[in-house]
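K.L.:
Model the following, please.
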Amino acid sequence: MSQPLRVLQIVPSLSLVYGGPSQMVLGLSAALAQAGVTVTVLTTDSNGDFAGTTPLDVPLAVPVAQNGYEVIYFRCSPFRRYKFSLELLQWLKVHAHEYDVAHIHALFSPVSTAAARVARQVGLPYILRPLGTLDPADLRKKKLLKQVYAALWERANLAGAAAIHFTSDQEAKVSDRFGAITRDVVLPLGVSLPEPLPEPGYARSQLNLPEAVPLVLFLSRIEPKKGLDLLLPALEALLQAGEQFHFVLAGANPQDPAYEASIRARIAASPLATHTTFTGFIQGSLKAALLQDVDLFVLPSYYENFGIAVAEGMAAGLPVVISDQVHIARNIAEAGAGWVVPCEVNALREALQEAIRDPQQRQLRGAQGKQYAQEHYTWASIARQVMQVYDSLRLRKAAKP
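P.N.:
I've put the predicted structure just below:
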């Protein structure tokens, strides 16, 4: 009988301020542990990149048990802004031989870049998950710096990885490997399906949302790539055409408060002002209740390597309106889970208008999306697929002389 898999998950931070990509590690780790895998998460105490933030209040350099696995936090230093930890790398070099594989989450982040190099030096197979950073649209940001960074470090890390973990076929298709020959695996992300919820209407009452009109929800980080510059004019046009709805903007951006403030100011100065509720960042039971109470989920991103918030909406039974640059768009279209549109204001307006006017279609597409999420996006299903990849790498490592 083979020994249980021993896996390292390495991620620059688990703080909520960094959004879904970091939190995905927690869901995967818990599902793997439930399936019998020994999981250790290595991370830093980073809790934001802007002035005035304080580190996570966590024990350092000691295992912290949770949900069947353990997390080891290391002091983020000497480069706090870049989520670096020399102590994490030293620990990895000493203990790497105790594990079968490392799953490294992030590129262009010094601690993950260095961790891949250390893993390669000590012979530990590693999987890289790029988090959408190899998308041409993302690479255009700080283009020259990323080209230099890739030439110095990431190209070798990509070439030396046992596998590159993409979360959709489209992400794998468009990603730039900087000329490196890579072994790719496509494994979607999972979502935690809603737990028993409060009575319907709980979120409406807590957030003072209107009862008589459809609620349109944007639930994501407030940043330029999410397409709010498309969504707001589309919603304004719908109001001017006499459509009745209420917009719920759920999210924040503590790393770029100026952009969040500009969005709030834009709405305050528009007809949307009296038809919009800002919730800020929400989580836990209130988030689950909001997903239950709203009528439609919208995310018109310019690029999205997966779209975890979209999958959460589907799991809650919501029909979705998304751009075709959300990389699970093809799956959503094939499942009949919503409306998929190009990144254009008029196309977005038309899809939203159809969805707002047709409650039967919303109900049908929401039910189809929920079924698809139950079949494809549960953590238990994802964990089984990931374990097969891990086990193949362990066998390959054992076969080496």
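K.L.:
And the pLDDT for the closest residue to Cys343 other than its chain neighbours?
P.N.:
Among residues not flanking Cys343 along the chain, Ser323 sits closest, at 5.0 Å (C-beta to C-beta, 6 or more residues apart in numbering). C-betas here are computed from N, CA, C, even on glycine. Per-residue confidence (pLDDT) for Ser323: 98.
K.L.:
repeat for the one 10 residues further on
P.N.:
Reading off the per-residue confidence, Ala333 sits at a pLDDT of 97.
K.L.:
In three-state terms, label the spatially closest residue to it that is not a sequence neighbour for me.
P.N.:
Closest residue to Ala333 apart from its sequence neighbours, by C-beta to C-beta, 6+ apart: Val340 at 4.9 Å. Three-state call for Val340 (DSSP: H, G, I helix; E, B strand; the rest coil): strand.
K.L.:
Return the set of residues that bridge with Val340.
P.N.:
Using DSSP bridges, the bridge partners assigned to Val340 are Ile322.
K.L.:
How much space separates the residue nearest to Cys343 from Gly317?
P.N.:
Distance of Ser323 to Gly317, given as C-beta to C-beta, to the nearest Å: 21 Å.
K.L.:
likewise Val248?
P.N.:
With C-beta to C-beta as the criterion, Val248 and Gly317 are 16 Å apart.
K.L.:
Have a look at the two and say which one is more surrounded.
P.N.:
Val248 (26 against 19; other C-beta atoms under 10 Å).
K.L.:
helix, strand or coil for the more buried one?
P.N.:
Val248 - assigned by three-state DSSP - is strand.
K.L.:
wait, it sits on Val216?
P.N.:
Yes: using C-beta atoms under 8 Å, Val248 makes contact with Val216 at a distance of 6.8 Å.
K.L.:
Could you tell me which residues touch both of the two?
P.N.:
Val294 (C-beta atoms under 8 Å, 6 or more residues apart in numbering).
K.L.:
Just the mean pLDDT for the helix or strand hosting Phe218, thanks.
P.N.:
Phe218 belongs to strand 215-219 when assigned by DSSP states H and E. Here strand 215-219 scores 98 as its mean pLDDT.
K.L.:
same check, this time on stretch 36-55
P.N.:
85.
K.L.:
need the contact list for the closest residue in space to Ala30 that isn't next to it in sequence.
P.N.:
Nearest non-adjacent residue to Ala30, counting by C-beta to C-beta, 6+ apart: Asn67, 4.2 Å away. Residues near Asn67 by C-beta under 8 Å, 6+ apart: 26, 29-30, 33.
K.L.:
counting contacts, what elements does the lengthiest helix in the chain pack onto?
P.N.:
Of all segments of type helix in the chain, defined using DSSP state H, the longest is helix 379-399. Applying 3 or more C-beta pairs under 8 Å, 6 or more residues apart in numbering; DSSP states H and E, one finds that helix 379-399 makes contact with helix 20-34, strand 101-105.
K.L.:
Low-confidence regions, this protein specifically.
P.N.:
For the chain, the stretches with pLDDT under 70 are 1-2, 49-52, 79-81, 193-194, 401.
K.L.:
The stretch 251-400 of the chain: strands as residue ranges?
P.N.:
276-278, 296-299, 320-323, 338-341 (DSSP state E, counting those that start in this stretch).
K.L.:
Of all the ones you listed, which one comes closest to Ile267?
P.N.:
strand 276-278 (5.4 Å; C-beta to C-beta).
K.L.:
And the contacts of the closest one?
P.N.:
207-209, 246-249, 264, 267.
K.L.:
top of the contacts of Asn67 by neighbour count?
P.N.:
Going by other C-beta under 10 Å, Ser29 tops these with 27 neighbours.
K.L.:
How much space separates that one from Gly336?
P.N.:
Taking C-beta to C-beta as the measure, Ser29 falls 33 Å from Gly336.
K.L.:
go on, Phe247?
P.N.:
From Phe247 to Gly336 the distance is 25 Å (C-beta to C-beta).
K.L.:
Check Pro254 too.
P.N.:
36 Å.
K.L.:
Same question for Val71.
P.N.:
39 Å.
K.L.:
Same drill for these two, tell me which one is more crowded.
P.N.:
Comparing Val71 with Gly336 by other C-beta under 10 Å, the one with more neighbours is Val71, at 23 against 15.
K.L.:
Report the beta-bridge partner residues of the more buried one.
P.N.:
Val41, Val64.
K.L.:
That one is in contact with Pro63, isn't it?
P.N.:
Yes: using C-beta under 8 Å, Val71 is in contact with Pro63, at 7.3 Å.
K.L.:
Show me the common contact partners of these two, please.
P.N.:
Common neighbours of Val71 and Pro63, using C-beta under 8 Å, 6+ apart, are Thr40.
K.L.:
Which stretches in the stretch 1-150 of the chain count as strands?
P.N.:
Under DSSP E, counting those that start in this stretch, the stretch 1-150 of the chain gives strands at 6-13, 38-44, 63-66, 69-74, 101-105, 126-129.
K.L.:
Pairing partners for the longest one, with directions?
P.N.:
Each strand that pairs with strand 6-13, with its direction, by DSSP bridges: strand 38-44 (parallel), strand 101-105 (parallel).
K.L.:
which other residues reach the first one?
P.N.:
Outside strand 38-44, the residues within contact range by C-beta under 8 Å, 6+ apart are 4-14, 25-26, 29, 32-33, 63, 68-76, 83-85, 88, 91-92, 99, 111, 115.
K.L.:
can you do 6 Å?
P.N.:
4, 6-11, 13-14, 29, 32-33, 69-74, 76, 83, 85, 88 (C-beta atoms under 6 Å, 6 or more residues apart in numbering).
K.L.:
tilt between it and strand 69-74?
P.N.:
20 degrees (axes from the mean of the first three to the mean of the last three C-alpha atoms, to 10 degrees).
K.L.:
can you list the domain ranges for the protein.
P.N.:
Domain ranges of the chain: 6-190+378-399, 202-376, per automatic domain parsing.
K.L.:
State the distance spanning the first to the last residue of the shortest one.
P.N.:
Using C-alpha to C-alpha, to the nearest Å, the gap from the first to the last residue of domain 202-376 comes to 29 Å.
K.L.:
Same question for the first one.
P.N.:
Between the start and the finish of domain 6-190+378-399 there is a gap of 17 Å, counting by C-alpha to C-alpha.
K.L.:
Make 7 the starting number, not 1.
P.N.:
Yes, from this point I'll number from 7; that puts the last item at domain 12-196+384-405.
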